[in-house]
Structures are given as C-alpha cells and as structure tokens.
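**Student:** Predicted model follows, preceded by the sequence.
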Amino acid sequence: AFGSLIGVGAGSVLSIAIGAKDRKTQERLLGVVNRQSIFCTICYMIVALTFAEPLIAMMGGRGEELALGTSYFRVCTFGAFFWIYGLAGNMIIRAEGKMKTAAWMMGVGLAANAVFNYIFLGILKMGVEGSAWGANIGMLTYTLMSWLYFGRGKATFRSKLLSLRGDRKIASSVMRLGMPSLIMSLMGLIQGLVVFNALARYGTTADIAFYGVVYRIFQFLLTPIFGLFRALQPVIGINYGAKQYDRVILAYKVFAVAALVLTLPFWFISLAAPGSILGMMLKDTVFTGTHFLYFRVYMAILPALAFLFMAMTLFPAVDKGKPAMIIGLARQFVFYVPVMLLLPKFIGIGGIYYGSLAIDTIMVLWTMALVKKEFNSLRQRQAAEDVA
C-alpha cells in the first residue's frame, strides 16, 4: 500500500511533468520519494511489529495458523523499506515509459526470491521464516536494481539518488495522486478481513483453502489487465501534460479493449475446465458441482474489470485522484463490508461468491459512468485548446 502510494503518486507527477517539460519537478522528485519512503517505513514497522499477532488474528488466524502467520509477517516487516522503495522506484521507471526496463528489474527480483526460497526452505529447512527472508532478499534485489538505474544516470530525467531534499508542492501532489492506490490496497485488507472471518464462521478450513485458491487464480488471470493498466499511466500522463486530451481518451479505449481481448482466452479456459485449473493448486481435493459453480460465479465479471482498472489509472494520471479514491472506498465500505457480513449469514458461504459478483458488476457500471463524464470534460478542454 505504501509502495503504491508513493510509486503511483510520483509516477503520475513525473509523467505529467515530462509532458509539460517541467524540468524542476523532474529534478526534485527523487528527493521527495526518498523522504516519503523512509517516513512510511518507520510508520509501518512500528505498527506491524507492535500489532503483528492481533492483525493476523483479525484475519481469522487461530492456533498454529496464528503462530506461523505472525512469524512470517514479522520477518517480512524487517524488509519493509525494500518492499516500499522497490515498488515505488519501479513505478517511477514505468512512468518514464520504460516498461521493458521495469519488467526485467522485476524479473531479477523474482528470480532472487525463488533462489533464496529454495536455499532457505529446501536446503536449510528454515520453514515459514525462511520463505519470508527469501521474499525480503527478493525485494532487496528489486530495490538495488532501481538504485543502480538512478545512480548511474539511466533515467530520462536528472535524478539525484541520495537526495533528501523536500518540496511541499511535489510531496502534496504525490500524496494526492497516490492516495487512491493506497486506499485500494488497504481496502483489499478490509476485504480479506471480512471474507476470511465469514469463511471461518460459516465454513471449514477446506472452504478457506478453496477460496484462497480461487482468489489467487482470479488474481493471476488479471495479469494482462495489471500489466496494461501500469503501462497506460505514462501514456495518459505525458499526453495530459502536453494537453493532448484526444490522445488521453483514445489511449484509455485502446488499452481497455486490449486488456479485455488478452484476458478472454484464459477466462474461457478457466470456465470450461475449472477442475483442471483448481487441481493444479489443490491436488488432493475432490471437487463437487458446488465448487465449480462458486468458481464460475466468482470469475464471471473478470473480463469487464479491464475497464475498471484502466479507470483507476486514468483519474490520477489526469491529476484527479478523488474519483478513484471514492471508487475504492465505496467498493468496500458501502458494498463489500455490509454484503459480506449479512449475505453469508443467510445463505452460507455461497453468499461470498454471489456477493462478490454483484458488487463488482455494480462497480464496473458506476465506473464507466464516471469515465464517460471525464471524457466529456476532456473533449471540452480539447476543443478550447484547438480554438486557442
């Protein structure tokens, strides 16, 4: 959440500054990012280390689950700075339009994570703590890639790696434009809180495991959307900064349709053969027709989410963080929390899957209405620019 707050905010500020040829903002940005990363790390570590066990318990952890979860969480917390800065730095590189560079850096970090997980788990038998240390080393590697990039002057803007110089205006813009991403991450925590507690109350351990796998498959199938909505940010931000508003509208449409098209084949396969997909992660489970029904219900809305996620990039990239922030807050507090507290109580754990489908359908329709309103505003501004 903190990494996204700084990364999305700084990336939006940078891309707009590039389009507007604002050199001053570009040169001062990294100092602001460094200060904010350190501050967020301190705040996060104090809370996480102090309340690790209660937080895991809030997520439904009991007994051995609580002990292992707390142990994993605390070890990961020691690497908090690298989790925050690694993500933020990579998002800034993406904001320059250097998607290939950002991708191979991410790949190096993931490779380091995999290698050290094998060493700590498979060879040294360190258990769940070994997995956490492997993740930390992966994020350390991820961060080092960004430091080498900025330190060697590879960025398209003048970057001062060790700068801690602040700028109130830039810092305020980073916070404002990154806040929707922070809220989306925090709302994901709220979603997990209510869902897993509902599963623990009305279901079994097997139900918790099944939902966890369905959710991970869902997230995996969103990969094309996640990739394209990150790539969309610099395209929109730079064109918005250059006052090319028609290109902003066109970019949203092209990226949203492309994400939809790329998602459809994987979506069709998952709906056609849910047993094969689920069996890859739950090898010893005998699935029932109810399992397959829940899986298909949960997956039903997935392709349409391309338009929602592109909108979450659109608004901050055009210097409007408020609509994206409202969408994130409303999804959880107005819809998700009440539905997940009430529906499973009356119809069982099936309410979690049906409720999720209903909520996301409403959110997609509402988001498209907000996007249409923003497009009308951009067209008016474009007309004014053409006249001028």
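**Tutor:** Noted; the coordinates are in hand. Nothing here was measured: the structure is a model prediction, and the numbers come from that model.

**Student:** Now do the helix or strand where residue 29 lies, average pLDDT.
**Tutor:** In the assignment (DSSP states H and E), residue 29 maps to helix 23-50. Model confidence over helix 23-50, given as mean pLDDT, is 94.

**Student:** ok, and the closest non-adjacent residue to residue 355?
**Tutor:** residue 339 (4.2 Å; Cβ to Cβ, 6 or more residues apart in numbering). Every C-beta, even on glycine, is put in place using the N, C-alpha and C of the backbone.

**Student:** on that earlier part again, please identify the buried residues of the helix holding residue 29?
**Tutor:** For helix 23-50, burial by neighbour count (16 or more other Cβ atoms under 10 Å) applies to 25-37, 40-41, 44, 48.

**Student:** what packs against it?
**Tutor:** Helix 23-50 is packed against helix 2-20, helix 63-77, helix 80-95, helix 168-202, with contacts defined by 3 or more Cβ pairs under 8 Å, 6 or more residues apart in numbering; DSSP states H and E.

**Student:** and the angle from it to helix 63-77?
**Tutor:** 150 degrees (axes from the mean of the first three to the mean of the last three Cα atoms, to 10 degrees).

**Student:** can you state the direction angle for helix 23-50 and helix 80-95?
**Tutor:** Inter-element angle recorded for helix 23-50 and helix 80-95: 150 degrees (by the same axes, to 10 degrees).

**Student:** Distance from helix 23-50 to the middle of the chain?
**Tutor:** Centroid separation for helix 23-50 versus its chain: 18 Å, with Cα atoms, centre = their mean, to the nearest Å.

**Student:** mind starting the numbering at 770 from now?
**Tutor:** Sure, I'll start numbering at 770, so the last one becomes helix 792-819.

**Student:** and after that helix, which helix or strand comes next?
**Tutor:** Sequence order places helix 821-827 as the next helix or strand after helix 792-819, per DSSP H and E.

**Student:** In this protein, which helix is the longest?
**Tutor:** When the chain is parsed with DSSP state H, its longest helix is helix 1119-1156.

**Student:** what's it packed up against?
**Tutor:** Counting by 3+ Cβ pairs under 8 Å, 6+ apart, helix 1119-1156 packs on helix 937-971, helix 1014-1041, helix 1058-1068, helix 1074-1086, helix 1090-1098, helix 1106-1116.

**Student:** quick one, which of those is packed in tightest?
**Tutor:** Among these, helix 1074-1086 has the highest mean neighbour count (mean count of other Cβ atoms under 10 Å), at a mean of 25.

**Student:** By mean pLDDT, which helix or strand of the protein comes out lowest?
**Tutor:** Using mean pLDDT, DSSP states H and E, helix 1090-1098 stands out as the lowest-scoring helix or strand of the chain, at a mean of 81.

**Student:** Give me the contacts around that helix.
**Tutor:** Helix 1090-1098 has contacts (Cβ atoms under 8 Å, 6 or more residues apart in numbering) with 945-950, 952-953, 956, 1077, 1080-1081, 1084-1085, 1132, 1135-1136, 1139, 1143.
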